[in-house]
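> Below are the sequence and a predicted model for it; my questions follow.
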Amino acid sequence: MTERFAIYFAPPATGSLWERAATWLGRDAADGDTFDGPVAGIDRTRLLNLTQSANRYGFHATIKAPMALADGADEADLRAALTRFAAERSSFSLGRLKLASLDGFLALVPEEANETLQDFAAHVVESFEVFRAPMSVKDRAARVGKGLSERQVEVLDAYGYPYVFEEFRFHMTLTDRLAAEDATDIANAANTWFAPVLGDEMIIDSLSLYVESEKGRPFRRVAEFPLGGNG
């Protein structure tokens with residue numbers, strides 16, 4: 001069994017931000033639709049080549065990174081726990097998003113730091129750790145080989161992902177790491193394409209469950225868990 005599950009935040013699948021992001025990436029992770037044609041003047045083939053990983057994972061912000069389920073746990077257990085967890089939390093504002101380059105990856109990030117968000121993400125990581133199968137030696141070596149700090153290795157070993165707690169940075173990835181010759185063109189196009197929705201306040205009002213059915217397959221957005229039990 002190579003199926004993996006991820007707990008993400010994603011905006012409503014009927015909203016303008018989701019629709020623009022799905023068109024940008026060339027795939028809607030909620031309904032599986034794919035998109036042709038240029039975006040903001042960027043040829044589709046070029047854009048697909050520069051967004052391969054972002055396309056496969058689908059538009060999202062990682063809260064609990066992809067994980068195989070622990071022995072004895074199944075998807076129904078995970079969904080039930082997500083329903084309970086979400087019902088006990090309240091929605092909160094993230095403020096507005098902006099476009100930023102994170103180590104060469106273009107992403108949407110909050111304009112301002114948000115302590116409520118950091119606490120919320122940490123609670124998700126800890127609360128669903130019981131569902132995570134141990135990381136393989138191969139996967140650990142691949143992560144460590146990317147040049148992690150001592151603290152990132154520590155949390156990788158504890159939680160299977162190096163970017164949690166104080167290492168967590170909310171971001172919704174739009175591209176793979178861009179080479180210098182692509183960075184300006186793609187950033188300009190993204191600014192043009194996403195400008196109409198970047199003035200909107202982002203509300204964290206749900207968690208989304210994404211599934212990778214087999215290793216390397218595109219992630220699918222399969223369920224929503226409204227905070228406060230709304231929706």
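Yep, that arrived.
> packing partners for the lowest-mean-pLDDT helix or strand in the chain?
Every helix and strand of the chain was ranked by mean pLDDT, DSSP states H and E. The lowest is helix 137-144, at a mean of 93. With contacts taken as 3 or more C-beta pairs under 8 Å, 6 or more residues apart in numbering; DSSP states H and E, helix 137-144 sits against helix 150-159. From N, CA and C alone the C-beta is placed, and that goes for glycine too.
> ok, and what's touching the helix it packs on?
Here helix 150-159 makes contact (C-beta atoms under 8 Å, 6 or more residues apart in numbering) with 125, 129, 132, 135, 140, 143-144, 148, 161-167.
> for the closest residue in space to residue 198 that isn't next to it in sequence, which residues make a bridge with it?
Closest residue to residue 198 apart from its sequence neighbours, by C-beta to C-beta, 6 or more residues apart in numbering: residue 97 at 5.7 Å. When assigned by DSSP bridges, residue 97 has beta-bridge partners residue 110.
> Can you spell out which helices and strands pack onto the biggest helix by length in the chain?
Looking across the chain with DSSP state H, the single longest helix is helix 180-198. Packing contacts for helix 180-198, counted by 3+ C-beta pairs under 8 Å, 6+ apart, involve helix 16-25, helix 44-50, strand 92-102, strand 105-110, strand 172-177.
> and that helix, average pLDDT?
Regarding helix 180-198, the rounded mean pLDDT is 96.
> quick one: buried residues of it?
182-183, 186-187, 189-190, 193-194, 197 (16 or more other C-beta atoms under 10 Å).
> Please apply the same query to stretch 138-147.
Applying 16+ other C-beta under 10 Å to stretch 138-147 flags residue 143 as buried.
> List the contacts of it.
So stretch 138-147 is contacted by 153, 156-157, 162 (C-beta under 8 Å, 6+ apart).
> now swap in stretch 102-112 and tell me
By C-beta under 8 Å, 6+ apart, the surrounding residues in contact with stretch 102-112 are 94-101, 117, 169-178, 183, 186-187, 190, 194, 198, 202.
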